[in-house]
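>>> Below is the sequence, then the predicted model.
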Amino acid sequence: MKENKKDPKNNTHEICFRLLVEAAEEMLHSPRLQRRETFDDHIFTKVSVLSNALEMSHFSKDFIPASIDKLRQFADMEPNRMPRSIKMRLAELIRNLETR
């Protein structure tokens, strides 16, 4: 018997946004003693890779997720709460997505 399979919807951008928010939240919720350079670098790498994936993905201009507002909150945080490198990469991503 044949099954009616629906074509999977391409929601890579939604997954990337969710993972990006989770990575930034991981930085916020980590104990201060754990937030050393190696941990910051690990999170920055994760943020950078996901940002690159979003910048290269093709999604409708109508797609303006609530996640972009959340990313903007992370980018606007004080340096003692969110490392500058991560804030700058998130700000760059937001600019690139808004100019599409």
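Thanks, I have it. Numbers count the residues shown, from 1 in each chain.

>>> May I have the phi/psi pair for N96?
phi -60, psi -40 (degrees, to the nearest 10).

>>> could we number from 4 for the rest of this?
Sure, I'll start numbering at 4, so the last one becomes N99.

>>> nearest residue to it other than its sequence neighbours?
Among residues not flanking N99 along the chain, E58 sits closest, at 5.4 Å (Cβ to Cβ, 6 or more residues apart in numbering). Where you see a C-beta, it was placed from the backbone N, CA and C, and this is true even at glycine.

>>> Can you name the residues in contact with stretch 80-100?
Defining contact as Cβ atoms under 8 Å, 6 or more residues apart in numbering, one finds that stretch 80-100 is touched by 23, 27, 30-31, 38, 43, 46-47, 50-51, 54, 57-58, 71, 74-75, 77-79.

>>> what about dumping the CA coordinates of it to CSV?
Below are the C-alpha coordinates for stretch 80-100, written out as CSV (Å, rounded to 0.1, in the frame of the first residue of the first chain):
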residue,chain,number,x,y,z
MET,A,80,23.1,43.6,26.2
GLU,A,81,25.8,45.0,28.5
PRO,A,82,29.3,43.6,27.8
ASN,A,83,29.5,41.9,31.3
ARG,A,84,26.4,39.8,30.3
MET,A,85,27.3,39.0,26.7
PRO,A,86,30.8,39.0,25.2
ARG,A,87,31.5,41.7,22.7
SER,A,88,32.5,39.3,19.9
ILE,A,89,29.1,37.6,20.1
LYS,A,90,27.2,40.8,20.3
MET,A,91,29.0,42.2,17.2
ARG,A,92,28.3,39.0,15.2
LEU,A,93,24.6,39.1,16.1
ALA,A,94,24.4,42.8,15.2
GLU,A,95,26.0,42.0,11.8
LEU,A,96,23.5,39.2,11.2
ILE,A,97,20.5,41.4,12.1
ARG,A,98,21.8,44.1,9.7
ASN,A,99,22.3,41.6,6.9
LEU,A,100,18.9,40.1,7.3
